[in-house]
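# This is the structure alone, sequence omitted:
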């Protein structure tokens with residue numbers, strides 16, 4: 001794909017059919033005792049809300065200060081304490097491009113060991129279902145757009161994100177192997193880049209949307225005449241509101257029981273340049289944008305084929321992108337520390 005072919009605004013990749021979610025829903029959520037690793041975090045907080053909306057009362061959220069999930073003894077103690085019939089594994093050691101460049105070994109080891117040990121211990125204890133969340137970083141660097149789940153193994157991931165992406169993708173291998181050999185019910189979901197209120201705005205580890213929002217708001221505070229952004233702005237990304245993602249995870253936990261991985265996305269892509277200009281406009285920053293081309297763009301394009309999620313369990317993103325960005329900007333302004 002040549003640069004001038006990359007979309008200047010949104011390019012939609014929705015499937016052509018809509019299946020009402022109500023046609024998939026059951027009367028009662030089938031699991032009573034649920035562990036949500038990462039349940040106190042960004043995505044996890046939305047997932048816990050979706051479970052409570054479904055009537056789940058016994059939700060166990062392990063905190064990292066009490067359970068180091070890289071440590072097998074802590075994993076065993078978690079299962080002893082919670083006695084779950086469903087585990088939704090969201091916990092991850094993760095960050096943006098800069099953090100991935102600094103911590104490739106840690107991101108690989110910690111994410112690999114958490115997933116492998118949680119799934120194995122669940123299998124040994126007769127867990128009814130394990131929901132593993134992967135990452136779009138698991139896809140090959142030059143995957144045809146929109147990314148189909150069938151393309152997952154057709155190349156090596158973008159180098160900056162590869163250790164993290166491959167560590168998470170090992171849960172797919174484990175999930176499929178365990179279903180084949182042991183009949184263990186585990187599923188593997190691939191959320192696209194997330195955003196929304198409650199996101200991580202730490203400049204050392206945040207992803208692109210919170211980083212840009214913070215950059216613009218702080219530039220306004222300082223009366224700066226410009227902001228500097230990484231890369232060229234040519235790369236494209238897809239973004240899914242965390243509340244939409246949580247709904248997809250809850251639907252899959254309830255309704256999906258197959259080996260094939262499933263993308264969770266919004267079905268559009270936007271260039272980083274256009275994203276930056278959109279956030280500049282929504283925050284009210286009036287200066288100009290400078291691009292530091294010495295910094296990496298990351299994967300050239302990211303956008304998911306979301307038709308499998310819609311077909312298998314009726315998931316489709318509902319929150320509009322501009323609406324979600326406004327929510328996120330408003331939340332940051334209301335909750336940031338001086």
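Arrived safely. Just so it is clear, the model here is predicted, and its values are computed rather than measured.
# which residues are contacting stretch 115-123?
For stretch 115-123, contacts defined as CB atoms under 8 Å, 6 or more residues apart in numbering pick out 37, 69-70, 72, 75-76, 79, 84, 87, 89, 130, 132, 167-168, 170-171, 174-175, 178, 182, 184, 186. (Each C-beta comes from the backbone N, C-alpha and C, glycine too.)
# Need the buried ones from the residues you listed selected in ChimeraX.
Selecting only the buried entries of the contacts of stretch 115-123 in ChimeraX, with 16 or more other CB atoms under 10 Å as the criterion:
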select :37,69,70,75,79,84,87,89,130,132,167,168,170,171,174,175,178,184,186
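# Out of the contacts of stretch 115-123, which sit inside helices?
72, 75, 76, 79, 167, 168, 170, 171, 174, 175, 178, 182 (DSSP state H).
# can you redo the residues you listed as a markdown table with distance to residue 194 and pLDDT?
Formatted as a markdown table, the ones in helices among the contacts of stretch 115-123 follow (distance: CB to CB, whole Å; pLDDT from 0 to 100):
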| residue | distance to residue 194 | pLDDT |
| --- | --- | --- |
| 72 | 29 | 98 |
| 75 | 25 | 98 |
| 76 | 30 | 98 |
| 79 | 27 | 98 |
| 167 | 18 | 97 |
| 168 | 14 | 95 |
| 170 | 21 | 97 |
| 171 | 18 | 98 |
| 174 | 23 | 98 |
| 175 | 21 | 98 |
| 178 | 27 | 98 |
| 182 | 31 | 98 |
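# Now those in CSV, please, with extra columns for distance to residue 259.
As requested, the ones in helices among the contacts of stretch 115-123 are exported to CSV (distance: CB to CB, whole Å):
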residue, distance to residue 259
72, 26
75, 24
76, 27
79, 24
167, 20
168, 17
170, 15
171, 12
174, 11
175, 7
178, 10
182, 13
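# So which residues of the stretch 51-200 of the chain form strands?
58-60, 86-89, 129-133, 186-191, 193-195 (DSSP state E, counting those that start in this stretch).
# how about those strands, which one is nearest residue 212?
Proximity to residue 212 (CB to CB) singles out strand 193-195 among these, at 10.2 Å.
# And the helices in this protein?
42-53, 72-82, 97-102, 104-124, 162-182, 208-222, 242-255, 272-283, 307-313, 321-335.
# got the angle for the fourth one vs strand 129-133?
Read that as helix 104-124. Here helix 104-124 runs at an angle of 170 degrees relative to strand 129-133 (axes from the mean of the first three to the mean of the last three CA atoms, to 10 degrees).
# Same check on the last one?
With the same axes, to 10 degrees as the criterion, the two stretches helix 321-335 and strand 129-133 enclose an angle of 90 degrees.
# swap in the second one?
Compare the direction of helix 72-82 with that of strand 129-133 by the same axes, to 10 degrees and you get 130 degrees.
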